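Novice: just need the structure, nothing else, for what follows:
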Amino acid sequence: MSNPKISIIIPVYNIEKYIAACLDSLINQTLKDIEIICVNDGSTDHSLEILNEYAENDERLIIKDQINQGVSAARNFGLRVASGEFIMFVDSDDWVDKRISEELYNSAKGENADCVMCSYVKEFGNHSVVNHVFDDEYLVWEENEVKNNFHRRLFGLNGKELQNPAHGDIIVSPCMKLFKSQLAQKHYFMDLKEIGTFEDGLYQIMVYHNCKKYIYIDKPYYHYRKTNESSLTTKYNPYLFEKWQNLYDIMNNIIVENSYDESYIDALNNRIVLSMIGLGLNEISAKNKSIFRKSETLKHILKTERYEEAFAKFKFDFLPFEWKIFFILCKYKLTFLLVLMLISIDFLRKRVS
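Specialist: All right, here's what the predicted structure looks like:
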């Protein structure tokens, strides 16, 4: 298919259990003029066979196969071969409403927008939770509003946004969004081996830097599966702290190079503070460490210059009570108590999941 309206890019890796549901939701879109680019990232299960079976019955499916290089490389492959007017990303264990392509496309064309986003549903198997990204049912933001309300928030939360720190990265996924191809294909995803996580956030920081008009539609058309066993498993990453320092260096350089204002600096500072949740949960997942060793590792992190400075500038005013307790423990380096609190948080998190 030449020049379809939308190119949908799906990175695929060992997802035989869920890929059919994802593909079924895409081939049945009300907007038919689409291409579905599935990049098999060296799967060792039957994922590639399932992809090929679907491709035999629908010429809109384009199957690409590569040796395992990670989700960033798979998405980048898709970006290079996409020929659509717009780009959409879908994760292979998720599914979408049959109207998502048509509604987002019509909104983009009607408003001449660069990016359109909808709300989404977290699917837990036995229950669903709708995530309303913003309070409004319909938003249209011009360039400066995009910078103030969306782009800066990718760097981190500020002020009253800290009232709900758990939603800090609610906008970070590249899914549930439609991007103009001429904007989306100018940038690529960084390898997670370099930065640990947040490759999708960095990508969008680049994309939204040049976004002239953004639309938000509060319709939960994207279904984010939270019952994928592999995604729920917390594996200890001994290099996460170092990789996140690389990430923060990159984000800081972007702020400096583009002369972004003080709100961006504060946002990144707040992200660094809030990252102690992720670093802490990663540390307690280490199987071969005692509570005391985990406590010492977290204390070492909190004594680094970057974290000392971040906590010195951090304002606790808007945090919910339980979050204040956690970050006060961090600020005063009461890390044994911090580890005990993290163990409780991890237990409750897995119970909910």
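
Novice: quick one: residue 253 is in a helix?
Specialist: Yes. According to DSSP: H, G, I helix; E, B strand; the rest coil, the state of residue 253 is that of a helix.

Novice: list the contacts of it.
Specialist: Contacts for residue 253 were tallied using CB atoms under 8 Å, 6 or more residues apart in numbering; there are none. All C-beta atoms are positioned from the backbone trio N, CA, C, and that covers glycine.

Novice: and it, what pLDDT?
Specialist: Confidence at residue 253, expressed as pLDDT, is 98.

Novice: quick one: it and residue 202, what's the gap?
Specialist: When CB to CB, to the nearest Å is the yardstick, residue 253 and residue 202 sit 11 Å from each other.

Novice: do residue 32 as well
Specialist: With distances taken as CB to CB, residue 32 is found 33 Å from residue 202.

Novice: which one's more surrounded, the two?
Specialist: With neighbours defined as other CB atoms under 10 Å, residue 32 and residue 202 compare such that residue 202 has more, 22 against 12.

Novice: do I have it right that the more buried one meets residue 249?
Specialist: No. Residue 202 sits out of contact with residue 249 when judged by CB atoms under 8 Å, with a separation of 11.7 Å.

Novice: and residue 7, what are its bridge partners?
Specialist: On the basis of DSSP bridges, residue 7 is bridged to residue 35, residue 87.

Novice: count of residues packed around it?
Specialist: Applying other CB under 10 Å, we find 26 other residues in the vicinity of residue 7.

Novice: begin at 9 from here
Specialist: Noted, 9 is the first residue going forward, which turns the last one into residue 15.

Novice: residues contacting it?
Specialist: Per CB under 8 Å, 6+ apart, neighbours of residue 15: 42, 43, 45, 86, 90, 91, 92, 94, 95, 96, 189.

Novice: and it, what pLDDT?
Specialist: pLDDT for residue 15: 98.

Novice: and the chain, what are its domain boundaries?
Specialist: Residue ranges for the structural domains of the chain, counted by automatic domain parsing, are given in the record as 14-239, 242-360.

Novice: in the helix or strand hosting residue 81, what's buried?
Specialist: For residue 81, the host element (DSSP states H and E) is helix 79-89. If you call a residue buried by 16 or more other CB atoms under 10 Å, then helix 79-89 has these buried ones: 79, 80, 81, 82, 83, 84, 85, 86, 87.

Novice: do you know how far the last one is from residue 101?
Specialist: Using CB to CB, one gets 20 Å for the distance from residue 87 to residue 101.

Novice: and for the fourth one?
Specialist: Shown here: residue 82 relative to residue 101, a distance of 14 Å by CB to CB.

Novice: overlap in contacts of those two?
Specialist: Shared between the contact lists of residue 82 and residue 101 (criterion: CB under 8 Å, 6+ apart) there are no residues.

Novice: below-threshold pLDDT in the stretch 159-308 of the chain: ranges please.
Specialist: 236-242 (pLDDT under 70).

Novice: state the next helix or strand along the chain beyond the helix or strand where residue 276 lies.
Specialist: According to DSSP H and E, residue 276 maps onto helix 270-292. Once helix 270-292 ends, the next helix or strand along the chain (criterion: DSSP H and E) is helix 299-310.

Novice: and that next one, what other elements does it pack with?
Specialist: Counting by 3 or more CB pairs under 8 Å, 6 or more residues apart in numbering; DSSP states H and E, the packing neighbours recorded for helix 299-310 are helix 270-292, helix 313-321, helix 343-360.

Novice: what's the most buried one of these?
Specialist: Burial among the helices and strands packed on helix 299-310, expressed as mean neighbours by mean count of other CB atoms under 10 Å, is greatest for helix 270-292, which shows a mean of 20.

Novice: please export the C-alpha coordinates of that helix as CSV.
Specialist: Provided in CSV are the C-alpha atoms of helix 270-292 (Å, rounded to 0.1, in the frame of the first residue of the first chain):
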residue,chain,number,x,y,z
GLU,A,270,13.5,27.7,34.9
SER,A,271,10.3,25.5,35.0
TYR,A,272,12.1,22.9,33.0
ILE,A,273,15.0,22.9,35.4
ASP,A,274,12.6,22.5,38.3
ALA,A,275,10.8,19.7,36.6
LEU,A,276,14.0,17.7,35.9
ASN,A,277,15.0,18.3,39.6
ASN,A,278,11.7,16.9,40.7
ARG,A,279,12.0,13.9,38.4
ILE,A,280,15.4,13.1,40.0
VAL,A,281,13.8,13.3,43.5
LEU,A,282,10.8,11.1,42.5
SER,A,283,13.2,8.6,40.8
MET,A,284,14.1,7.3,44.3
ILE,A,285,10.9,5.3,44.1
GLY,A,286,12.2,3.4,41.1
LEU,A,287,15.7,3.2,42.3
GLY,A,288,14.4,1.9,45.7
LEU,A,289,12.1,-0.7,44.2
ASN,A,290,15.0,-1.9,42.0
GLU,A,291,17.3,-2.2,45.0
ILE,A,292,14.9,-4.2,47.1
